[in-house]
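A.B. asks: Dropping a prediction and its sequence here:
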Amino acid sequence: MSKSITFKVQPGGTLHGEVRVPGDKSISHRSIMLGSLADGTTHVTGFLEAEDALATLQAFKDMGVVIEGPENGQVTIHGVGKHGLKAPKGELYLGNSGTSMRLLSGLLAGQAFDSVLTGDKSLSGRPMKRVTAPLAEMGADIKTAEQGTAPLRIFGRAGQLKGIDYTMPMASAQVKSCLLLAGMYAQGETSVTEPAPTRDHTERMLAGFAYPVKRQDNIAKDGVYAADLPGAGAAKVTITAEGQLKATDIDVPSDISSAAFFLVGASIAPGSDVLLKHVGINPTRTGVIDILKLMGANIEILNQREVGGEPVADLHVVYSPLKGIDIPEALVPLAIDEFPVLFVAAACAEGQTRLTGAEELRVKESDRIQVMADGLQILGVSAEPTADGMIIQGGTIGGGEVISHGDHRIAMSFAIAALKASKSITIHDCENVNTSFPGFKTLAQQLGLSIAEEIL
Ligand code: S3P
């Protein structure tokens with residue numbers, strides 16, 4: 001039996017201090033994937049030593065790549081070249097990690113060997129047709145379970161994939177990245193057009209490894225150019241098999257999705273003042289800052305610099321009363337992982353906050369609309385789930401027992417809610433915090449949260 005972790009968080013308190021949260025999960029995954037396929041040795045620093053990124057690392061070891069570490073965030077990858085992966089001896093188990101499964105499905109579709117991708121209960125319930133359907137159009141041979149879910153049985157079609165020109169029905173960086181990785185093994189051009197900008201770490205890192213990718217950021221949609229559309233518009237990325245990856249060094253910035261818990265915590269707890277160091281502020285990830293600022297948060301972006309092709313800064317956040325807003329839909333893909341904690345911000349704001357256009361939240365590690373609405377209601381907050389979002393009346397937060405449903409970001413969000421609660425909050429099912437934010441409890445304690453852990 002695996003252990004079960006419960007968080008018990010005492011109400012109130014303030015957050016104070018300077019911290020560096022762990023490395024970016026998306027960039028950590030990609031560093032292992034591209035470093036493994038490169039010619040030469042790649043050194044990674046700031047690697048996220050959490051279960052999700054470690055699942056990717058193990059998968060590449062299982063395919064014959066020699067990887068040293070991680071040790072204090074340092075990983076050395078002895079790249080095997082684009083065609084150097086070997087057939088794994090068994091199934092590749094990817095735990096809770098959707099990014100590992102969706103990106104690997106594209107990469108493995110064009111290999112000279114077969115493979116099977118499996119995951120935990122949550123990952124085995126998540127939709128995989130969004131990758132297997134376009135991959136099938138490219139000529140891939142992948143069998144899913146009946147509902148279009150994992151396990152994925154991939155029959156390698158080396159030399160037989162064909163490029164496609166694909167417009168994604170949803171704004172998904174995982175689908176885009178999956179198809180770009182498959183495109184590295186396909187005949188002709190593979191192009192992906194996105195309905196709204198999504199995180200572009202794959203494109204940036206491919207360029208960092210000297211692999212040619214063509215990016216167009218201003219595609220006409222229904223005769224209107226992206227620049228003229230409200231918010232952001234469609235972008236198109238194109239890749240071919242013509243290229244090699246050249247090993248490089250990667251400095252992984254802190255994950256803005258982990259920093260988000262303290263951006264919200266310091267914004268809602270009177271008297272708070274926190275400096276979050278070396279945080280990745282890629283413009284495809286900063287929706288959480290924009291949304292909090294629209295709500296009245298006091299966040300300064302300091303010491304902005306570029307590290308290995310990714311923008312990085314220190315974020316200084318000081319308490320400021322928040323007000324409810326209608327969240328602009330254009331910001332949704334740019335803050336997609338931060339809504340659980342943004343719902344907590346909304347519960348503490350004056351007035352109503354309304355989120356629309358975020359149906360993707362229903363197919364994350366849990367149904368984040370339902371699970372957050374259920375938990376907030378238990379805590380006495382008026383939170384009404386809708387098909388594609390939520391309507392929250394800000395006010396007071398009570399206390400009680402909530403369930404995270406094994407979703408790391410739900411667990412951490414309710415821990416942060418305790419800063420503004422009138423009674424203690426108990427959160428069940430918190431084991432998976434280790435998938436993205438190892439050391440969350442200790443770091444949160446260091447900043448001033450009264451959080452204790454019970455391990456059964
Ligand atoms: C990710 C993309 C996003 C995000 C996930 C990580 C990535 O998923 O929610 O945590 O690293 O590409 P979608 O592409 O499904 O939106």
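C.D. replies: Now that the structure is in, tell me what you want to look at.
A.B. asks: what does the stretch 251-400 of the chain put close to the ligand?
C.D. replies: Ile336, Asp337, Glu360 (CB under 6 Å from any ligand atom). To be clear about C-beta, it is placed using only N, CA and C from the backbone, and glycine gets the same treatment.
A.B. asks: and with 5 Å instead?
C.D. replies: Taking CB under 5 Å from any ligand atom as the contact definition, the stretch 251-400 of the chain meets the ligand at Ile336, Asp337.
A.B. asks: In the stretch 251-400 of the chain, mark out all the strands, start to finish.
C.D. replies: For the stretch 251-400 of the chain, applying DSSP state E, counting those that start in this stretch gives strands covering 273-280, 298-307, 310-318, 352-355, 382-386, 389-393, 400-403.
A.B. asks: bridging residues for Ile391?
C.D. replies: Beta-bridge pairing for Ile391 (DSSP bridges): Arg354, Glu384.
A.B. asks: wait, what's in contact with it?
C.D. replies: Residues in contact with Ile391 (CB atoms under 8 Å, 6 or more residues apart in numbering) are Gln352, Thr353, Arg354, Leu355, Ala383, Glu384.
A.B. asks: For those residues, which PyMOL command selects only the ones that are buried?
C.D. replies: In PyMOL, this line selects whichever of the contacts of Ile391 come out buried by 16 or more other CB atoms under 10 Å:
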select buried, resi 353+355+383
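A.B. asks: Let me have the contacts of Ile391 in CSV, adding pLDDT as columns.
C.D. replies: Formatted as CSV, the contacts of Ile391 follow (pLDDT from 0 to 100):
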residue, pLDDT
Gln352, 98
Thr353, 98
Arg354, 98
Leu355, 98
Ala383, 98
Glu384, 98
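A.B. asks: Distance to Ser4 added to the contacts of Ile391, as TSV?
C.D. replies: Shown next, in TSV, are these (distance: CB to CB, whole Å):
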residue	distance to Ser4
Gln352	36
Thr353	32
Arg354	35
Leu355	31
Ala383	26
Glu384	30
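A.B. asks: Give me the residues contacting stretch 367-377.
C.D. replies: Identification of contacts with stretch 367-377 by CB under 8 Å, 6+ apart yields 339-340, 343-344, 347, 358, 361-362, 383-386, 389-390, 392, 402-405, 407, 409-410, 413-414.
A.B. asks: and the residues you listed, which are buried?
C.D. replies: Using 16+ other CB under 10 Å as the burial test, the contacts of stretch 367-377 include 339-340, 343-344, 347, 358, 361, 383, 385, 389-390, 392, 402-405, 407, 409-410, 413-414 as buried.
A.B. asks: Write out the residues of the stretch 51-200 of the chain neighbouring the ligand.
C.D. replies: Thr99, Ser172, Ala173, Gln174.
A.B. asks: redo that, cut-off 6 Å
C.D. replies: Residues of the stretch 51-200 of the chain lying near the ligand (CB under 6 Å from any ligand atom): Thr99, Ser172, Ala173, Gln174, Ser177, Arg199.
A.B. asks: how many neighbours does the residue in the stretch 351-456 of the chain that the ligand sits nearest to have?
C.D. replies: Residue of the stretch 351-456 of the chain nearest the ligand, by CB to the nearest ligand atom: Glu360 (5.8 Å). Per other CB atoms under 10 Å, the neighbour tally for Glu360 reads 17.
A.B. asks: pLDDT score for it?
C.D. replies: Reported pLDDT at Glu360 in the predicted model: 98.
A.B. asks: so what pLDDT did His216 get?
C.D. replies: Quick fix: residue 216 reads Gln, not His. 86.
A.B. asks: any idea how far it lies from Ala55?
C.D. replies: The span separating Gln216 from Ala55 equals 33 Å under the rule CB to CB, to the nearest Å.
A.B. asks: what about those two, which has more around it?
C.D. replies: Using other CB under 10 Å as the criterion, Gln216 and Ala55 rank with Ala55 on top: 25 against 13.
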